[in-house]
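S.K.: mind looking at a prediction? Sequence and model below.
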Amino acid sequence: MKTRWQRMSGAVVSALLVLSLLVLAPGMSAAEEELRIGFLAPMTGIFAQIGKDMTNGFKMYLDEVNSDFDGVKVKLIIEDTQGKPPVNVRKAQKLIRQDKVHFFMGGLLASTGYALAPLSTRSKLIYISPIAAADDLTQREKDKYPYLVRTGWTSSQPSHPLGEWACEQGYKRIVTIAADYAFGYEVVGGFHKAFEDCGGQIIQKLWAPIGTKDFGPYLPQIKQDADAVFTLMVGPMSLQFPKQYKAAGLTMPLLGGGTSADEFALPFMGDEAIGYVTALQYSASLETEKNVAFVKKYRELYGKVPSYYSESNYTTAQWIHEAIKKAGGKWPGTDAFVKTIAGIKLDSIRGPVEFDEQMNPVHNIYIRKVEKKKMHGYPDEELWNTVVKTYPNVGQYWTYGKEAFLKQPVYSRDFPPCKHCE
């Protein structure tokens, strides 16, 4: 026979069980009330400031919604990757095994994307890539990575329109100089192909190791009868190259991939950057109501104009939120999440954006020219990437079509071949 204490204890336990069931949202376990997101970013090392731009953009959106995605509380777990692909993989494994994240995101270098995607497949966990732009992740290799969702861009995506734009300006002969790794090959490759397809010629290609600070060995090699020079610089390289280029007395116009003169770098650049033309899916100078409000709030919070690293991660947070909302305010599971987010079109800070069938964004590409001017009501003249032309709805295959594009090799040091190099 049960004692009075045993009967009371049993009643208390039963009441607690009923209460716990009432507290939990329908169809969700206690663990699922918290959406755990693993975020990989370089918080130390030469790319540390870029890592801060990345995390600031994502955290700004979270703060705006109180880290609440329609009833799901977001727990953001940031891991410092030092900008090194092996460290990214090690930290991602920690997020998966120890933190039990629902998915992981981030990574900076294209080589990092190529390192993280296979881990996503092995672990059957979603990898969201706002920055790592490696082309083949959403092209020839996409079938290997069913859980990859790219919210940023492919390396060559902005370069195709810029190649066409360069032809429109009357440029015929161009020299390229770029960081010597996957991202550099793909950015240059897209420009090279599009420029030559519209009648131009790449007459010389130079490669500098990533992290190069002294361009002294390269600048004298640049052919001075070129109409322009196309660059792809990243991190501190972006600051050093235009200064040394001008100091060397070179006067050919500078064109480049977006990171060569991104808003991340502009506050640390001087008049040597004026006239630099680059292409990207975002510019802080966009005069839309959404972007002006974004720029002003970001600058108020962080003391600087947002870069594309910031915008891309802010937009990624918005995209994730919309997917959770469509799933009824709960984590729907890995496969269902991919299917849900694939169908979401955003009116984002950068403009209209949606996914293609291989989970890569289709969006505007802006041809941007560095100018010193007043923008968005700020009182001082500053360097801005002003938009000189907009190419709407640009996908990763440009005007070539998916089938024809994928028949060619991935852009590399050797492709396209430099048939006009002298």
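M.R.: Yep, it's here. Predicted model, so just to flag it, every value in this text is computed and none were measured.
S.K.: now do the helix or strand encompassing Glu164: everything it contacts.
M.R.: Secondary structure assigned from DSSP states H and E places Glu164 in helix 159-168. Taking Cβ atoms under 8 Å, 6 or more residues apart in numbering as the criterion, the residues outside helix 159-168 that touch it are 174, 187-200, 228, 230, 255, 257, 277-279, 365, 367, 389, 391, 394, 398-399. C-betas here are computed from N, CA, C, even on glycine.
S.K.: what about Trp331, which SS state?
M.R.: coil (DSSP: H, G, I helix; E, B strand; the rest coil).
S.K.: go ahead and confirm it touches Thr340.
M.R.: No: between Trp331 and Thr340 no contact is recorded; they are 10.8 Å apart, counting by Cβ atoms under 8 Å.
S.K.: higher neighbour count, those two?
M.R.: Residue environment comparison for Trp331 versus Thr340 gives the larger neighbour count to Trp331, 22 against 17, counting by other Cβ atoms under 10 Å.
S.K.: from Ile341, how far out is the more buried one?
M.R.: Distance check for Trp331 against Ile341: by Cβ to Cβ, to the nearest Å, it reads 12 Å.
S.K.: try Ile349
M.R.: When distances are taken as Cβ to Cβ, Ile349 and Ile341 turn out to be 18 Å apart.
S.K.: for the protein, which segments are assigned as helices?
M.R.: Per DSSP state H, the chain carries helices over the ranges 4-23, 48-64, 85-97, 110-123, 159-168, 182-197, 236-247, 289-302, 308-326, 334-342, 402-407.
S.K.: CA atoms of the second one as CSV?
M.R.: Taking only C-alpha atoms (Å, rounded to 0.1, in the frame of the first residue of the first chain), the coordinates of helix 48-64 have been written out as CSV:
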residue,chain,number,x,y,z
ALA,A,48,39.7,39.2,-38.6
GLN,A,49,38.1,42.5,-39.5
ILE,A,50,36.2,40.7,-42.3
GLY,A,51,35.0,38.2,-39.8
LYS,A,52,33.6,41.0,-37.7
ASP,A,53,31.7,42.4,-40.6
MET,A,54,30.3,38.9,-41.3
THR,A,55,29.1,38.3,-37.7
ASN,A,56,27.9,41.9,-37.2
GLY,A,57,25.6,41.6,-40.2
PHE,A,58,24.0,38.4,-38.9
LYS,A,59,23.8,39.7,-35.3
MET,A,60,22.2,42.9,-36.3
TYR,A,61,19.3,41.1,-37.8
LEU,A,62,19.0,38.8,-34.8
ASP,A,63,18.9,41.9,-32.5
GLU,A,64,16.1,43.4,-34.6
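S.K.: next up, the contacts around Met105.
M.R.: Contacts of Met105 (Cβ under 8 Å, 6+ apart): 37-40, 127-130, 316.
S.K.: list the residues that contact Thr340.
M.R.: Remark: with contacts taken as Cβ under 8 Å, 6+ apart, Thr340 is in contact with 323, 326-327, 332.
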